[in-house]
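Peer 1: Predicted structure and sequence below. I'll ask about it afterward.
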Amino acid sequence: MARGLGDVLHYFLPDEIAGAGERASWRTAAGSPPRLEAAALPIVALPVAERDVVRAALAWNLTVEIARLGASASLLAPKLGDGSLLWPEPGRGPVGAELVHSPALDLGSLYRDAADVAVQRAAEPCDGGVVVACVPPHWLRSSADDAALLRWALLFATPDGRDLLETYALTKFLLRRRPDAKVGITIHGVRRIAEAERAFERLAGVAARHLGRAPRSYGLLVDDLHVYRAIVARRPIGLEHPQSPAAKALRDVARLVLADARTENRV
């Protein structure tokens, strides 16, 4: 059954934040992380347009937050235009989060580069992990046969009606390309939980009626001035403004992504 936003709202209620951290912990009773034996880390495709500053920044910050949870985290992206200037230099950065620039020019070669990173990082001692692959949206429609990267996709959507329509169209396309695809939605740029809940339910309801499947919820990201301050400073929000609503929300989204990544490793 598809996960809805209502199923994950406990991560975002102020009086539940500490408890959510305890529920999401995968530490053993002795305090040491379990070693996950996997041939490769899961890969999640995250569509980011070349000049989409906000989604690009959120992708990098999500990777950092996954690393802060004690897991392996890599962001792989094609080096196109000036979008990479939002991020630090390639290599291991804050708290071990890794940025990898790919020379890929299409979806298939990007997947192969992501798979290489996924195998390399899985060989390291870590408490699970994930490779986030930033995909130029127009690449999704340009390759009829290369759908391996689309097995798991995360879409960032705002509550704006036009953006929700575009996100639905992309969800429809992904599920037609790969009927077994796992499509997740994070609603960002919201000021209230109810605003995110309405937006997700609207999108999920239409998908369930017309596609026979609803996307999974990966929570929400709040509209916070600290997001833009961190972008300007080229510093992760969780390190620059750790007590901000934006940092706390990002950490909760990271928990949801990491929990599903660990499930993938056990399949």
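Peer 2: Yes, it's here.
Peer 1: Can you tell me what sits against whichever strand or helix holds Ala56?
Peer 2: Taking DSSP states H and E as the criterion, Ala56 maps to helix 53-68. For helix 53-68, the external contacting residues (CB atoms under 8 Å, 6 or more residues apart in numbering) are 46-49, 73-75, 77, 83, 86-87, 93-99, 129-130, 132, 134, 156, 188-189, 221, 227, 230-231, 236-239, 250-251, 253-254, 257-258. Using the backbone N, CA and C atoms, a C-beta is placed for each residue, glycine as well.
Peer 1: Okay, and which of these map to helices?
Peer 2: Residues of the contacts of helix 53-68 located in helices (DSSP state H): Val227, Ala230, Ile231, Ile237, Gly238, Leu239, Leu250, Arg251, Val253, Ala254, Val257, Leu258.
Peer 1: quick one on the thing from earlier: if we go by neighbour counts, what in the helix holding Ala56 is buried?
Peer 2: Under the neighbour-count criterion of 16 or more other CB atoms under 10 Å, helix 53-68 has 54-68 buried.
Peer 1: which one of the ones in helices among the contacts of helix 53-68 sits closest to Ala122?
Peer 2: Leu258 (14.4 Å; CB to CB).
Peer 1: wait, what's in contact with the closest one?
Peer 2: Ala24, Ile66, Leu69, Ala71, Gly128, Gly129, Val130.
Peer 1: Quick check, Ala214 in contact with Val206.
Peer 2: No: applying CB atoms under 8 Å, one finds Ala214 not in contact with Val206, separated by 9.0 Å.
Peer 1: who's more crowded, the two?
Peer 2: Ala214 (22 against 16; other CB atoms under 10 Å).
Peer 1: Now do the residue nearest in space to the middle of the chain against Leu75, distance only.
Peer 2: The centroid of the chain falls nearest to Leu154 when counting by CA atoms, centre = their mean (5.4 Å). Counting by CB to CB, to the nearest Å, the separation of Leu154 from Leu75 is 12 Å.
Peer 1: Now list whatever residues contact both of those two.
Peer 2: Common neighbours of Leu154 and Leu75 are listed as Val132 (criterion: CB under 8 Å, 6+ apart).
Peer 1: coming back round to it: distance from the helix holding Ala56 to the middle of the chain?
Peer 2: Chain-centre distance of helix 53-68: 8 Å, with CA atoms, centre = their mean, to the nearest Å.
Peer 1: Strands of the chain, start to end?
Peer 2: With strands called from DSSP state E, the chain shows them at 43-47, 72-78, 91-92, 98-102, 129-135, 152-157, 182-190, 216-222.
Peer 1: so how many other residues sit close to Arg178?
Peer 2: For Arg178, using other CB under 10 Å, the count is 17.
Peer 1: Repeat that for the one 10 residues further on.
Peer 2: Summarising burial for His188: neighbours were counted as other CB under 10 Å, giving 25.
Peer 1: Kindly report the same for Arg209.
Peer 2: Using other CB under 10 Å, Arg209 has 9 neighbouring residues.
Peer 1: Nothing else from me, thank you.
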